[in-house]
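Visitor: Predicted model and sequence below, questions to follow.
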Amino acid sequence: MVDIGEERFMALACKEAVAVEGVGEMGSLDLKLICLLNNSSALVQELIESTGDAFGITPKADGIACLSVNKPGRILKKIANMSIPDDPRFNALYKLEPYVGMVVNRFKECGVHQVLPAASLDAYVDTAVLRMNYLNDFVEALRQEVKSTRFQSKLNSYHRSSNKNYKELMKYVEVLFERYSRLLVLRVDLSYSKENSNVTQAEAKRDRERLFQNARSNNLFDAMVGYIWKLEHGPEKGFHYHVMFFFDGARVREDVTLVMRIGQYWMDVITKGRGLYFNCNADKRKYRKCGIGMLNYYDETLREGLREAVVYLAKTDLFMKLQTEGRGMGKGLYPSPKDPRGRPRAAPLSKNA
């Protein structure tokens with residue numbers, strides 16, 4: 001099975017917990033939903049790896065029997081009690097992680113939500129046996145489906161693209177640090193007002209493209225050396241962007257003010273009054289490991305915080321992916337190499353020296 005990276009999920013949970021308190025709160029996906037999907041995926045995998053029947057028969061008097069619940073059956077019941085989203089609007093927007101998506105589809109196709117409650121009721125032996133066989137066959141069918149080439153191909157493809165994006169972003173950030181000893185990192189959520197939250201993907205894409213095209217000739221972005229953007233969708237805010245800007249720390253310092261100016265530019269010029277923004281840098285002290293603001297090449301704690309912030313940007317890809325019209329995530333160009341004739345960067349002093 002593919003390892004989705006528990007450390008990535010824990011980093012995500014840490015960051016998202018802060019977001020619930022205020023940072024990046026505009027249109028952010030609920031931490032409860034992310035945790036629900038994480039737990040659901042883990043339970044499905046536990047069910048697949050289990051052995052034996054999910055249910056057995058316990059005879060009673062007068063030809064009556066009830067089902068006994070074995071470990072796989074207990075896991076199946078837990079999965080059935082998970083409130084996994086399955087409404088048409090959600091399904092039109094998101095593609096679930098393969099384990100969770102498979103169970104949602106099979107539960108619906110086989111009517112398991114209707115059969116499971118009846119499994120706890122007394123019934124004539126013949127009826128109880130039918131219920132037992134139906135549920136045991138259902139669990140075994142899930143086990144066999146996961147082993148299939150088709151499912152494994154889908155699983156590998158899902159996580160391959162997610163891991164590829166993650167690795168590319170990590171490499172991009174490291175290359176920026178190799179080129180610039182100090183980076184001023186900005187995090188801003190670019191969204192739309194409630195009355196304009198019905199913007200289409202195409203409209204949001206045009207606004208994003210215009211923002212970065214204008215940045216090439218706008219003095220506001222003179223010191224910008226890179227950026228990362230991620231398209232998301234929230235039930236109230238509709239389509240919106242989480243954006244991370246990288247500025248040369250040797251040229252600019254006021255991160256909160258800079259984010260404010262970029263946010264106002266998004267509101268007034270790019271969206272012509274339709275947009276909103278959220279200044280994450282204004283609340284950066286809420287982060288346990290602050291990965292935004294002024295970051296020094298040698299400050300490993302802050303750089304680790306930045307890595308976690310990148311995980312936060314790509315948070316939905318672990319368990320659900322927005323079905324985008326084109327790219328749903330992007331980054332700027334790699335910086336030009338540093339002049340090799342310059343002084344080499346000194347190694348950090350050892351703490352044990």
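Guide: Cool, got the structure.
Visitor: Tell me where the stretch 151-300 of the chain has strands.
Guide: Taking DSSP state E, counting those that start in this stretch, the strands of the stretch 151-300 of the chain run over residues 182-192, 224-234, 238-248, 275-279, 293-296.
Visitor: TSV for those, including mean pLDDT, mean neighbour count and distance to N105?
Guide: Just so you know, the C-beta spots here come from the backbone N, C-alpha and C atoms, and that holds for glycine as well. Output for those, formatted as TSV (pLDDT from 0 to 100; neighbours: other CB atoms under 10 Å; distance: least, CB to CB, whole Å):
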stretch	mean pLDDT	mean neighbour count	distance to N105
strand 182-192	95	25	32
strand 224-234	93	21	22
strand 238-248	95	24	26
strand 275-279	96	22	36
strand 293-296	92	20	44
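Visitor: Turn those strands into TSV, including distance to Y312.
Guide: Output for the strands of the stretch 151-300 of the chain, formatted as TSV (distance: least, CB to CB, whole Å):
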stretch	distance to Y312
strand 182-192	9
strand 224-234	9
strand 238-248	8
strand 275-279	14
strand 293-296	15
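Visitor: For L96, find the nearest of those strands.
Guide: Evaluated with CB to CB, the strands of the stretch 151-300 of the chain place strand 224-234 nearest to L96, the distance being 14.5 Å.
Visitor: elements contacting the closest one?
Guide: Packing partners of strand 224-234 (3 or more CB pairs under 8 Å, 6 or more residues apart in numbering; DSSP states H and E): helix 149-179, helix 201-215, strand 238-248, helix 300-313, strand 320-322, strand 329-331.
Visitor: Strand partners (parallel or antiparallel) of that strand?
Guide: strand 238-248 (antiparallel), strand 329-331 (antiparallel) (DSSP bridges).
Visitor: Save those strands as a markdown table, and put in distance to V44 too.
Guide: Formatted as a markdown table, those follow (distance: least, CB to CB, whole Å):
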| stretch | distance to V44 |
| --- | --- |
| strand 238-248 | 28 |
| strand 329-331 | 26 |
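Visitor: Out of the ones you listed, flag the one nearest Y99.
Guide: strand 329-331 (22.6 Å).
Visitor: so what's H240 up against?
Guide: 26-27, 189-192, 204, 231-234 (CB atoms under 8 Å, 6 or more residues apart in numbering).
Visitor: any idea how far it is from V252?
Guide: 25 Å (CB to CB, to the nearest Å).
Visitor: Where does the prediction get shaky in this protein?
Guide: 1-31, 286-289, 314-316, 339-353 (pLDDT under 70).
Visitor: just so I know, which of the strands of the stretch 151-300 of the chain lies nearest T324?
Guide: Closest among these, using CB to CB: strand 224-234, at 6.0 Å.
Visitor: what separates the residue lying closest to F239 once chain neighbours are set aside from F221, distance-wise?
Guide: In space, F239 comes closest to A204 once its chain neighbours are excluded; the distance is 4.2 Å by CB to CB, 6 or more residues apart in numbering. From A204 across to F221, the span is 20 Å (CB to CB).
Visitor: what do you get for L116?
Guide: 56 Å.
Visitor: How about D317?
Guide: 27 Å.
Visitor: So between these two, which is more surrounded?
Guide: D317 (23 against 20; other CB atoms under 10 Å).
Visitor: that's a helix at the more buried one, yeah?
Guide: Yes: remark: D317 belongs to a helix, assigned using DSSP: H, G, I helix; E, B strand; the rest coil.
Visitor: got the contact list for it?
Guide: 161-162, 165-166 are the contacts of D317 under CB under 8 Å, 6+ apart.
Visitor: In space, what's closest to F212 - neighbours in sequence excluded?
Guide: Closest to F212 by CB to CB, 6+ apart is Y227, at 7.2 Å.
Visitor: my guess is that neighbour meets F246, correct?
Guide: Yes: with contact defined as CB atoms under 8 Å, Y227 counts as touching F246 (6.4 Å).
Visitor: shared neighbours, the two?
Guide: By CB under 8 Å, 6+ apart, the residues touching both Y227 and F246 are G332.
Visitor: got the domain boundaries for this protein?
Guide: What automatic domain parsing lists as the domains of the chain is 50-147, 159-331.
Visitor: coming back round to it: next up, the contacts around the residue nearest to F239.
Guide: A204 touches 192, 231, 239-241, counting by CB under 8 Å, 6+ apart.
Visitor: got the buried residues for stretch 192-199?
Guide: 192, 196-197, 199 (16 or more other CB atoms under 10 Å).
Visitor: got the contact list for it?
Guide: With CB under 8 Å, 6+ apart as the criterion, stretch 192-199 contacts 191, 204, 236-240, 271, 274-276.
Visitor: Mind listing what's buried along stretch 149-157?
Guide: Quick answer for stretch 149-157 (16+ other CB under 10 Å): 151, 155.
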